[in-house]
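Q: Fold the stuff below for me.
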Amino acid sequence: MKKILVPFADTHQFSSLIDDYLSGEKSLQPFYDLPPELKSFEQAITRRKNMPCNRQVLYSRLVHQYGTLLNNQEESSQKVSGAISLLKNENCFTVTTGHQLNIFTGPLFSIYKIITTIKLANELSRSYPEYQFVPVFWMASEDHDFEEISQFNIFGKPITWNRNPGGAVGRMNLEEIQQVIENVKQLLGEDALGVEIFESAYMHSATLAEATRKIMHALFGALGLVVIDGDDTDLKRLFIPEMHEDLVTNKSFVAVTETSKQLSEIHKILVQPRPINLFYLGEGSRERIVKSENGNYEVLNTNLVFTVDELIAELNARPDKFSPNVLLRPMYQEKILPNLAYIGGPGELQYWLQFKEAFITNNISFPILILRNCILFVDKSSSAKLEKLGLTVPDLFKSTDTLILKVLENSAEIHVGTAEINSLIQKIYSELSNEWERLDASLVASVESEKQKALKGLSGLEEKARRAMKKKNESVVNQVKNLKEKLFPSGGLQERNENFLSFYSKSELNFIKDIIKLSDPFEKQFVVFIED
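A: The predicted structure is shown next:
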């Protein structure tokens with residue numbers, strides 16, 4: 001597999017904030033702590049040591065969450081069991097990514113996030129051998145956006161989990177999931193590589209969270225990935241002081257509001273903070289907590305009302321009932337893990353930059369923010385078509401029409417471009433204008449008007465010629481369109497649309513291992529992998 005790098009700006013798919021962050025643009029530096037570089041981790045380790053976490057609780061809860069999954073001699077179980085034990089050691093740290101519990105892992109980028117996290121842990125282990133580093137996947141099991149996690153695409157075809165939504169997705173049972181499995185088998189074949197991992201997990205689990213842990217363990221356990229579920233009473237108990245402050249003082253809201261105001265002057269902000277950043281978890285529900293005008297607290301869309309004393313008593317007695325939102329969840333994560341870095345996508349890093357002051361306000365360590373690898377995978381068939389059409393990898397990021405015209409003009413005997421004639425017209429009318437201005441200055445406007453008519457007419461003729469050329473070469477046009485649609489489904493990035501089984505299920509392609517082998521956790525450009 002070959003690796004080609006493309007500057008993010010040349011993909012026309014990412015905010016300029018990504019380039020600014022990766023290049024160390026001064027205007028962004030106030031919004032993060034340490035830059036995303038290997039040398040930053042020495043300082044990060046020192047700082048993290050000064051903000052210890054409760055390792056014993058973390059260890060015991062991970063052991064509890066994994067349960068019997070570690071009670072065998074398989075390499076994955078032995079590797080993960082060892083990694084969990086290492087977390088009791090003060091010289092052991094984590095690097096973490098997280099994602100929603102998409103069925104069948106959702107879009108490709110969720111896999112790329114985990115691969116980047118594993119590669120970062122490996123790189124740190126080589127560079128700082130006196131410490132240990134554990135890659136962690138944080139399951140966003142309390143998210144309640146069922147629509148986002150219930151669909152994925154294989155070969156561009158959507159597969160949907162049709163069941164009634166309700167509450168935290170991690171707690172949902174797996175009713176109707178058998179039909180999803182059957183639909184996948186119909187597309188890939190009964191014996192397609194990888195399908196058995198999902199079928200086993202979904203058919204032998206009580207909840208989506210349990211199944212997701214088994215899937216990640218099967219795919220990445222042998223590489224040392226530890227999966228953690230924040231929907232845990234004992235872990236949340238460690239975060240009670242911060243949840244208390246959020247309910248009573250709203251200090252995180254104040255900090256993020258000020259930071260967001262400053263950041264919005266140079267880049268778009270993605271998260272609007274709320275005075276209270278907690279949900280209340282009920283049976284099949286996850287609803288916002290808000291403060292009413294009379295000083296009481298209400299749970300939206302329910303009949304639940306608390307006085308401040310009642311709510312704090314509820315928090316201390318049942319912390320499992322309280323669920324952090326997008327603002328508090330990162331702080332919760334960093335409070336309970338001995339974490340050094342968070343690996344996220346472009347959008348995630350953009351909203352994490354809004355949170356630094358809130359972390360400081362709550363006396364919680366702010367991690368190094370690492371951009372996950374952003375990847376386009378070009379399979380053998382597509383690579384051959386690319387070469388046959390005379391296109392390069394950077395060409396792929398141009399519009400379909402631009403690619404069609406490039407291919408046609410490179411192969412056509414007749415040249416339909418009118419740039420030279422356009423320049424000639426400009427020159428002729430400019431000379432005419434200069435000459436006639438000496439005769440009568442009012443003629444200049446008339447000359448300019450006629451020039452514009454000529455240029456417009458020429459443009460129209462060129463467009464007609466291009467349409468004729470496309471019609472004459474319909475086969476080539478369709479080849480370009482099909483290639484572009486395959487690699488950029490619906491005009492978007494492959495990693496945001498396609499599921500990894502589209503590639504992993506091919507027995508001749510060791511997809512995950514090949515991507516891991518060539519990935520760089522400190523990559524600062526878009527990556528294109530081309531299958532040999």
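
Q: Please make it C-alpha for all contacts and neighbour counts, starting now.
A: Will do.

Q: Tell me the first helix or strand C-terminal of the helix or strand bottoming out on mean pLDDT in the chain.
A: Lowest by mean pLDDT, DSSP states H and E among the helices and strands of the chain is helix 443-472, with a mean of 74. Per DSSP states H and E, the first helix or strand lying C-terminal to helix 443-472 is helix 474-487.

Q: So which residue is dead centre in the chain?
A: Nearest to the geometric centre of the chain sits residue 345, at 3.5 Å (C-alpha atoms, centre = their mean).

Q: Can you report phi and psi for that one?
A: When read as degrees, to the nearest 10, the backbone of residue 345 gives phi -80, psi 180.

Q: Could you verify my assumption that it touches residue 369?
A: No: counting by C-alpha atoms under 8 Å, residue 345 sits too far from residue 369 to count as a contact (9.9 Å).

Q: Backbone dihedrals for the nearest residue to residue 151 once chain neighbours are set aside, please?
A: Once flanking residues are discounted, residue 151 sits nearest to residue 160: 4.4 Å by C-alpha to C-alpha, 6 or more residues apart in numbering. Phi and psi for residue 160, reported as degrees, to the nearest 10, are phi -120, psi 140.

Q: For residue 160, grab the count of nearby residues.
A: Residues near residue 160, counting by other C-alpha atoms under 10 Å, number 17.

Q: residue ranges with poor pLDDT in the protein?
A: The chain contains residues with pLDDT under 70 at 410-418, 458, 462, 465-473, 507-509.

Q: most remote residue from it's center?
A: Distance to centre of the chain, C-alpha atoms, centre = their mean, peaks at residue 439 (65.4 Å).

Q: so that residue sits in a helix?
A: No: counting by DSSP: H, G, I helix; E, B strand; the rest coil, residue 439 is not part of a helix but coil.

Q: For it, give its distance to residue 432.
A: Per C-alpha to C-alpha, to the nearest Å, residue 439 is found 11 Å from residue 432.

Q: Would you mind pulling up the elements that the helix or strand harbouring residue 323 packs against?
A: Taking DSSP H and E as the criterion, residue 323 maps to strand 322-324. For strand 322-324, the elements it packs on are strand 278-282, judged by 3 or more C-alpha pairs under 8 Å, 6 or more residues apart in numbering; DSSP states H and E.

Q: Centre of the chain to the strand it packs on, how far?
A: Its chain's average C-alpha position is 25 Å from that of strand 278-282, according to C-alpha atoms, centre = their mean, to the nearest Å.

Q: Pull the residues that contact it.
A: Residues outside strand 278-282 that contact it (C-alpha atoms under 8 Å, 6 or more residues apart in numbering) are 167-168, 243, 246-247, 286-289, 299, 320-325, 328.

Q: Pull up the pairing partners for that strand, direction included.
A: strand 285-291 (antiparallel), strand 322-324 (antiparallel) (DSSP bridges).

Q: Pull out the buried residues from the longest one.
A: So the one you mean is strand 285-291. Under the neighbour-count criterion of 16 or more other C-alpha atoms under 10 Å, strand 285-291 has 285, 286, 287, 288, 289, 290, 291 buried.

Q: if I read this right, the fifth one contacts residue 298, doesn't it?
A: By that I understand residue 289. Yes: between residue 289 and residue 298 there is a contact at 5.7 Å, judged by C-alpha under 8 Å.

Q: roughly how far apart are the residue farthest from the centre of the chain and residue 145?
A: Applying C-alpha to C-alpha, the value for residue 439 to residue 145 is 73 Å.

Q: Kindly report the same for residue 330.
A: Residue 330 is 18 Å from residue 145, by C-alpha to C-alpha.

Q: more crowded one of those two?
A: Each of residue 330 and residue 145 has its neighbours counted (other C-alpha under 10 Å); residue 330 has more, 18 against 15.

Q: downstream neighbour of the helix or strand harbouring the more buried one in the secondary structure list?
A: Using DSSP H and E, residue 330 sits in helix 328-336. Downstream of helix 328-336, the next assigned helix or strand under DSSP H and E is strand 339-344.

Q: now the angle from that following strand to helix 328-336?
A: Orientation check (axes from the mean of the first three to the mean of the last three C-alpha atoms, to 10 degrees): strand 339-344 against helix 328-336 gives 150 degrees.

Q: who does strand 339-344 touch, helix- and strand-wise?
A: Counting contacts by 3+ C-alpha pairs under 8 Å, 6+ apart, strand 339-344 packs against helix 40-49, strand 92-99, helix 108-127, strand 368-371.

Q: hmm, 7 Å instead?
A: Of the remaining helices and strands, those touching strand 339-344 by 3 or more C-alpha pairs under 7 Å, 6 or more residues apart in numbering; DSSP states H and E are strand 92-99, helix 108-127, strand 368-371.

Q: Describe which strands the first one pairs with in its sheet and in which direction.
A: Listed by DSSP bridges, the sheet partners of strand 92-99 and their directions read strand 132-139 (parallel), strand 339-344 (parallel).

Q: hey, which of those is tucked in deepest?
A: strand 339-344 (a mean of 26; mean count of other C-alpha atoms under 10 Å).

Q: so after that strand, what's the next helix or strand?
A: helix 346-352.

Q: Now that following helix: buried residues?
A: Here helix 346-352 shows 346, 348, 349, 350, 351, 352 as buried, counting by 16+ other C-alpha under 10 Å.

Q: How about stretch 492-500?
A: Neighbour-count burial for stretch 492-500 [16+ other C-alpha under 10 Å]: 493, 494, 495, 496, 497, 498, 499, 500.

Q: I figured the last one hits residue 108, correct?
A: Yes: proximity of residue 500 to residue 108 meets the contact threshold set by C-alpha atoms under 7 Å, at 5.2 Å.
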